[in-house]
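Asks: Generate a structure from the sequence data that follows.
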Amino acid sequence: MLFLAAALPILFWNGGPDSATALREAGIERVAVPAGQATGWGTGVSVEAFDPAKAVKLATPSVEYRANEATASRSPWLDANGWTLLRRPSARYYYDVPGPAAALAAAEAFSYGANAMVRTDGAGLKPFAAMLRFLRSIETLELSPVADIGFVDDGGDVAGEVLNLMLRNNLLVSIVPKPDPRLKLNVRLGSREFPMEDAQDPGGMAHTVRARLTDEKRSLRIYGTQVVLARVLRGSGRMRILLLNYDGARRAVDGLRVRVPGSFPNHRAAAAGSSSVQLLDYVTEGGATEFTVVDLSK
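Replies: Below you'll find the predicted structure:
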């Protein structure tokens, strides 16, 4: 599947035609509105009718630290929608996200090439518009998602949570109808290697999958954070790494280290909300490329 980098999320807007000037000033060129409000907009803003009830509702992307809970793990809990977007790539999606998190929702949808509408409030309009401007600036390339693991998905809740935990551990997964010999590892829950009873602990199963794959065979390794999720795309000798900081509204991630196999001596970096991005200690040796990202705030 080619990644459609031009698939930008769309603002779902309850305002009428009299709000067109404010939208244009914010940098919004396209909106989806309830069916009864789709006429009379004039020029300058492209409008389409949309019924949120006919779309798949997504959670607000965020991080919960749960500091008041006595749990075995102190790892933050990420509310991320990658597993849903991966399961149903052709579906239409709907976010209802207040405030600055609207920008993260837009970036998440973009990273999966999803057909998504994002509803937000007044506090989220400018961050959403700023993210759209940044996403429009990214060069459109014909790239395919990189996957190390083929996941035979039975569509059930247990499989969904295992898929979610694999993605949250930055394992690169593709959903396949049957084991794909071209991939480094295939996972079918209920098999001898991955018993269904073990899958009742999705986090434990995700760690089992990672151990079976081995870190040495991973096409992406990230060090220094538990709140950044990545997508890796490749084609025609080029690689694109999309990094999403799910805690970006509260704090930046500083000193994030990334390692990918292959030699990529030429590089270019960009980040939302920043005119320049520094990649420090950029090295290509030993058959791999490594670099450190300074101040990832989005």
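
Asks: In space, what's closest to residue 207 - neighbours in sequence excluded?
Replies: Closest residue in space to residue 207, ignoring its immediate chain neighbours: residue 169 at 7.6 Å, by CB to CB, 6 or more residues apart in numbering. Any C-beta I mention is one placed from the backbone N, CA and C, and that applies to glycine too.

Asks: I figured residue 247 was touching residue 227, is that so?
Replies: Yes - applying CB atoms under 8 Å, one finds residue 247 in contact with residue 227, separated by 4.3 Å.

Asks: anything in contact with each of those two?
Replies: Shared contacts of residue 247 and residue 227 (CB atoms under 8 Å, 6 or more residues apart in numbering): 63, 76, 253.

Asks: Could I get the contacting residues of residue 110?
Replies: Here residue 110 is in contact with 5, 7, 8, 9, 135, 242 (CB under 8 Å, 6+ apart).

Asks: which stretch of helix or strand covers it?
Replies: Assessed by DSSP states H and E, residue 110 sits inside helix 101-111.

Asks: Which of the residues in that helix are classified as buried?
Replies: Residues of helix 101-111 classed as buried: 101, 102, 103, 104, 105, 106, 107, 108, 109, 110, 111 (neighbour count, 16 or more other CB atoms under 10 Å).

Asks: what does the average pLDDT come to for that helix?
Replies: Regarding helix 101-111, the rounded mean pLDDT is 96.

Asks: want to throw the buried residues of helix 101-111 into JSON lines with distance to residue 59?
Replies: As requested, the buried residues of helix 101-111 are exported to JSON lines (distance: CB to CB, whole Å):
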{"residue": "101", "distance to residue 59": "10"}
{"residue": "102", "distance to residue 59": "13"}
{"residue": "103", "distance to residue 59": "16"}
{"residue": "104", "distance to residue 59": "11"}
{"residue": "105", "distance to residue 59": "9"}
{"residue": "106", "distance to residue 59": "15"}
{"residue": "107", "distance to residue 59": "15"}
{"residue": "108", "distance to residue 59": "10"}
{"residue": "109", "distance to residue 59": "12"}
{"residue": "110", "distance to residue 59": "17"}
{"residue": "111", "distance to residue 59": "16"}
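
Asks: before we move on, back to that, just checking: what are the partner strands of the helix or strand that the helix holding residue 110 is followed by?
Replies: Next helix or strand after helix 101-111 toward the C-terminus (DSSP H and E): strand 115-119. Using DSSP bridges, the strands paired with strand 115-119 are strand 10-12 (parallel), strand 92-96 (parallel).

Asks: Residue 283 is in contact with residue 292, isn't it?
Replies: No - look at residue 283 against residue 292 with CB under 8 Å: they stay out of range, at 10.0 Å.
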